[in-house]
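Q: structure for this input, please:
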Amino acid sequence: MSVAYKQAGVNVDVGNELVKRLKRKFSKIGGFGGLFPLVGTKYDLVSSTDGVGTKLKIAFLTNKHDSVGIDLVAMNVNDLVCTGARPLFFLDYFACGQLNIGQAESVIKGIAEGCKLSGVQLIGGETAEMPGFYKDNEYDLAGFSVGIIERGKEINGNKIKHGDVVIGLPSSGPHSNGYSLIRKVFLDSELKKYSKQLLIPTKIYVEEVLSVIEKFNFKKQNIVGIVHITGGSFYDKIARILPNNTRVIIEKNSWEVPKIFKLIQKKGNVLLKDMYRIFNMGIGMILIVCPDVAMRVKELFKDAKIIGYVEKGKTGVELI
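A: The predicted model follows:
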């Protein structure tokens, strides 16, 4: 992992090791969503939980709080849709030292907007005041979402095979990952300068991805893998769903990397490989699809690109 990222206080390898250890005890964890059978029905519930991370520090610095709620919803529902599930409802957790009503209201308006964009119901949450635990006018956010899918129709990557095509959907920016490094790289004055780009909310892919699943997975599973590109990015997130002896080749020159990522790399002197393990680099969601439908699937997404393919080999991801 990049020395720069470790210096920023984040060690992805340690996080991955924790997940491996937990999976030895709890074999069902580790996917993009946890499945729970609804007894007596043909459906499974699917759950996800996540936060916004240190992107919040940019919101504090600029006193702009109306978009991080969208990030919170997006980080959860984008994970759920990777299983093919339709998100149903959402709950939030807002924690602070002392409640600033105007600030909290702005955050919650963003959460409501995120719920609207993803078609989920905001059914509750928790507001916690913990004096002395948080700095003045700072807070933390966490969220929890539940979706539903017909049993046996979940998308988990086990049907991925040689010859399948990788389609990349564009991101709106860094989304909600890599901000500890961003804050290490830029001075506060620079964070303010680039705040408009850095605070663009995470794109919500739910409705467009579900519509494609409905069209192409009706009789046969043509969409065989979906990956939300967040922490661990291309290397760790794609590998999470790959069957044994299957590898994905990503062609880096198949899309234009947005300028903000090039700026971060140059300013922080970050290795290119680490950039593709920390940031989404302009690709926020990946679909792995059967080759005979690849072009038709691609055309249903605005600005989507074919960015790679699947081949036989040692399980993993290679960027060329």
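
Q: quick one: the strands in the stretch 101-250 of the chain, in order.
A: Under the criterion DSSP state E, counting those that start in this stretch, strands of the stretch 101-250 of the chain are mapped to 121-129, 139-150, 165-170, 223-228, 246-250.

Q: where are the low-confidence patches of the stretch 1-150 of the chain?
A: 1-30 (pLDDT under 70).

Q: what comes up buried for stretch 108-128?
A: Buried residues in stretch 108-128, counted by 16 or more other CB atoms under 10 Å: Ile108, Gly110, Ile111, Ala112, Glu113, Gly114, Cys115, Leu117, Ser118, Val120, Leu122, Gly125. C-beta coordinates here come from the backbone N, C-alpha and C atoms, glycine included.

Q: which SS state does the closest residue to the first one other than its chain neighbours fall under?
A: Which is Ile108. Sequence neighbours aside, Gly69 is the residue nearest to Ile108 in space, at 6.3 Å (criterion: CB to CB, 6 or more residues apart in numbering). Secondary structure, DSSP: H, G, I helix; E, B strand; the rest coil: Gly69 is helix.

Q: ok, Gly69 to Lys203 distance?
A: Separation of Gly69 from Lys203 (CB to CB, to the nearest Å) stands at 15 Å.

Q: contact partners for the residue nearest to Ile108?
A: For Gly69, the contact set (CB atoms under 8 Å, 6 or more residues apart in numbering) comprises Asp92, Val107, Ile108, Lys109, Gly110, Ile111, Ala112, Glu113, Gly114, Leu141.

Q: spit out the contact partners of the third one.
A: Think Ile108. Ile108 neighbours (CB under 8 Å, 6+ apart): Gly69, Asp92, Phe94.

Q: ok, these vs Asn76, which is closest?
A: Asn76 has its nearest neighbour among the contacts of Ile108 in Asp92, at 9.6 Å by CB to CB.

Q: next, that closest one: secondary structure please.
A: Look at Asp92: counting by three-state DSSP, its state is strand.

Q: now render the strands of the stretch 101-250 of the chain as TSV, adding distance to Thr62.
A: Shown next, in TSV, are the strands of the stretch 101-250 of the chain (distance: least, CB to CB, whole Å):
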stretch	distance to Thr62
strand 121-129	23
strand 139-150	15
strand 165-170	25
strand 223-228	26
strand 246-250	34
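
Q: buried deepest among those strands, which one?
A: Mean neighbour count (mean count of other CB atoms under 10 Å) peaks for strand 223-228 among the strands of the stretch 101-250 of the chain, with a mean of 25.

Q: touching, Phe261 and Asn177? I think so.
A: No: using CB atoms under 8 Å, Phe261 is not in contact with Asn177; the gap is 11.6 Å.
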